[in-house]
Structures are given as structure tokens and as C-alpha cells.
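**Q** need coordinates for the following:
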Amino acid sequence: MPKLPRSAPNAVRVIEVLAYPAVQLLDVTGPFQVFASANDIVAETGGAPPYVLRVVAKGGDSVMASGGLAIAAGPLPRRGAALDTLMIAGGPGVDAASADLALIKWIGERARTARRVASVCTGAFLLAAAGVLDGRRAATHWSCCAELARRYPAVRVESDPIFVRDGAIWTSAGVTAGIDLALALVEEDLGRDVALAVARYLVVFLKRPGGQAQFSTALSLQAAEDRFGALHAWIAGHLADDISLPVLAREAGMSERSFSRRYVEATGLTPVHAVERLRVEAARRLLSESRLPVKRISQRCGFGSEETMRRSFLRLLATTPLDYRARFSS
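**A** Below is the predicted model of the structure:
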């Protein structure tokens, strides 16, 4: 375990992680382990563990997570009980939890008690249902961003960040992003040295490069496969060709105006942006699975030049093709 200077703050912070039936196991245990490891590391330097960690659930006792593993939980604390950070986990059971008006009321009241509030993955839906995210920027799992924005129009949903901080409210993207968020909270509380020691011990990035678009990319287009699946297949086979709007409209058998409107309705993307994403997705596969030079990949995927591909990678993935290959190449 890393040895650190005896400089970590001594304040004890109570952290509550809310669980419920069919919660995502890693949404609970990932952040929990980050804080637990911070306790261990500070204790090894002679300091008092900075966090008191609690998993809480309505009714207390144990909660069955979505993976079939039971999580021990205490009851929901009463109003006014000491609290530093309230963290809401996500999971398949979030819709049922959102419909529990007593639980939503508790979340709203508890959030007003906490110094800061955080959600992991689809836990953002519970914060939104409680009104905690009204007028704020927020993140959730990439596949649920559109639904979060539809259900709660007062929330400014951001689809790419691993996590978003808006004042005292923190929200993270899908599942493992809860670990990234928890590391950021540890860094805010105890400093970079402790947070870095935790990250090294857990063998994760302290600050993960890029955004969650690295892991979703073209998957978001699958929602439109019934209407434009054949077109997407055609694009994938012609990435190096001219794929302008007139060409796409002709291939889809529509006028340019009608095609643009219907495509945006089906995918949430303009045709030009969709083509760029499909080209980046193809380039990602070649970068990770082949030894082709970057110049060849840029040409094969229709970018025309390395610089054009580099700009697309920076815009969509917040990283360069070379850095992406270095991290993900097999």
C-alpha cells in the first residue's frame, strides 16, 4: 500500500449510498470501494479514516442487486441525521424506485441535508424525479441520455462526459464511471496524492481520458435500424467513398429535405454527424485490431487525411488516434 505524508484532513465524512431492489451491483460497490480504500490508505499513514460508509435502503435489511447478489443495507436515516455525501446508485430497478413516492420524497429531503449529492449511472433518474437536478447539468448512461432528457426537460443532459459537476451536485455516466466520480470526490476531500494512491491500488485511471462516447459511438444508431438499417450497412461498405447528403438521400430513396428531417427524428443526429461517427467507429476498430499505419486507416475510413481524422477523434472521443491505439490496441 502506498505510503503518504501525514497531511490528510481529519474531518470524518458520512457517506450514504442508496440501494433498492435490482440496483446495479457495481454502482454500489465501485464507489464504496474507492472510499474504503481511501480510509485504508489514510490509516496506514497514521491518520484517522476520513469516511464513515453506509449502504441504506428502504426497510433496511438486505437488497437483492440485479446480478442476484444480496447487499446488506441499513434503514433510511431520519431527517437531520449527520450526512456529508448522498450517493444514489443506478440499475434496472430504477423505474420501480422512481415510482415509490415515499422514497423520492426521502431523496429530496436527504439531498437538502447533504453537503453534496451524487448519482451513478441511471441513479440520475431518481435525483431528477426528486427535483434535485432541475436547471442543472447532468450525466447518465449514454443509452439513457435521451430518455432522461425526455422525462425531465428541466435537466440539461450531457451525453459524453464520464461525470458532470454542477455546484454541489455530481452525476456520472454508466456503471464504472461511478469509480471515476468517487475518485474525484476523494481528490476534492483529501487531495491528489490520496486520490492517486487509491487509483493506483485499484489499478484504474485517476482521470480517465476521453468521454463515454469512446464506448458507445455507433451503438446509438441502432435505435433506427428498422428504418435506416440498410442505409447504415451501405455506409459501412462505402466509408472511403463520397457520402454527401445528396448521395445518402438518393440511397435512401428520399428527397434531401425529407431524408434529413426523418433521419434526425430517428437517430437524434444529422446525417453528416452520423457518417462521421461511423467513420470514427471503423477507425477505432482498425486502430485496435490491426497494425495499419494511421495514414492508411484515415484513407480507408474516408477521412482523407490524418489531420481530419485527428480532429474527429478529438471532437468525439477527446483523444487522438495515436493515444487511442496506445490504450486499446491488442
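
**Q** how far away is E44 from A197?
**A** 9 Å (C-beta to C-beta, to the nearest Å). Placement of C-beta: from N, CA and C, glycine included.

**Q** nope, A124 is what I meant
**A** Separation of A124 from A197 (C-beta to C-beta): 29 Å.

**Q** neighbour count for these two, which is higher?
**A** Using other C-beta atoms under 10 Å, the more surrounded residue of A124 and A197 is A124, with 31 against 24.

**Q** tell me which element the more buried one falls in.
**A** Taking DSSP states H and E as the definition, A124 sits inside helix 123-129.

**Q** and the helix or strand following that helix, average pLDDT?
**A** As assigned by DSSP H and E, the chain's next helix or strand after helix 123-129 is strand 137-138. Mean pLDDT, strand 137-138: 95.

**Q** from the middle of its chain, how far away would strand 137-138 be?
**A** The chain centroid and the centroid of strand 137-138 are separated by 12 Å under C-alpha atoms, centre = their mean, to the nearest Å.

**Q** what's the answer for stretch 102-120, then?
**A** The chain centre lies 20 Å from the centre of stretch 102-120; the measure is C-alpha atoms, centre = their mean.

**Q** burial measure for the nearest residue to G268 once chain neighbours are set aside, as a count.
**A** Nearest non-adjacent residue to G268, counting by C-beta to C-beta, 6 or more residues apart in numbering: A146, 6.3 Å away. A146 has 14 neighbours, counted by other C-beta under 10 Å.

**Q** my read is A146 is in a helix, agree?
**A** Yes: assignment of A146 by DSSP: H, G, I helix; E, B strand; the rest coil places it within a helix.

**Q** who touches the nearest residue to R192 once chain neighbours are set aside in this structure?
**A** Among residues not flanking R192 along the chain, L206 sits closest, at 7.8 Å (C-beta to C-beta, 6+ apart). Going by C-beta atoms under 8 Å, 6 or more residues apart in numbering, L206 touches 183, 187, 192, 195-196, 199.

**Q** how close does L206 get to A82?
**A** Distance, L206 to A82, using C-beta to C-beta: 29 Å.

**Q** L133 versus G167, what's the distance?
**A** In this view, G167 and L133 are 11 Å apart by C-beta to C-beta.

**Q** more neighbours, the two?
**A** L133 (27 against 9).

**Q** could you count how many residues lie near the residue lying closest to that one once chain neighbours are set aside?
**A** Nearest-residue entry for L133: V155, 4.5 Å, with adjacent residues in sequence omitted and distances by C-beta to C-beta, 6+ apart. Residues lying near V155 (other C-beta under 10 Å) number 23.

**Q** one more: R112?
**A** So R112, with other C-beta under 10 Å, has 12 neighbours.

**Q** secondary structure of it: a helix, I assume?
**A** Yes: applying three-state DSSP, one finds R112 inside a helix.

**Q** please report how far it lies from Y152.
**A** Going from R112 to Y152 by C-beta to C-beta gives 18 Å.

**Q** need the pLDDT of the residue nearest to L133.
**A** For V155, the predicted pLDDT is 96.

**Q** list the residues that contact it.
**A** 124, 128, 133-136, 138, 148-149.

**Q** which of the residues you listed tops the neighbour count?
**A** Per-residue neighbour counts (other C-beta under 10 Å) across the contacts of V155 peak at A124, which has 31 neighbours.

**Q** confirm for me that that one is in contact with T140.
**A** Yes: between A124 and T140 there is a contact under C-beta atoms under 8 Å: 4.2 Å.

**Q** now tabulate the contacts of V155 in JSON lines and tack on distance to A240.
**A** Listed next are the contacts of V155 as JSON lines, based on distance: C-beta to C-beta, whole Å:
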{"residue": "A124", "distance to A240": "39"}
{"residue": "A128", "distance to A240": "43"}
{"residue": "L133", "distance to A240": "43"}
{"residue": "D134", "distance to A240": "47"}
{"residue": "G135", "distance to A240": "45"}
{"residue": "R136", "distance to A240": "43"}
{"residue": "A138", "distance to A240": "39"}
{"residue": "L148", "distance to A240": "37"}
{"residue": "A149", "distance to A240": "35"}
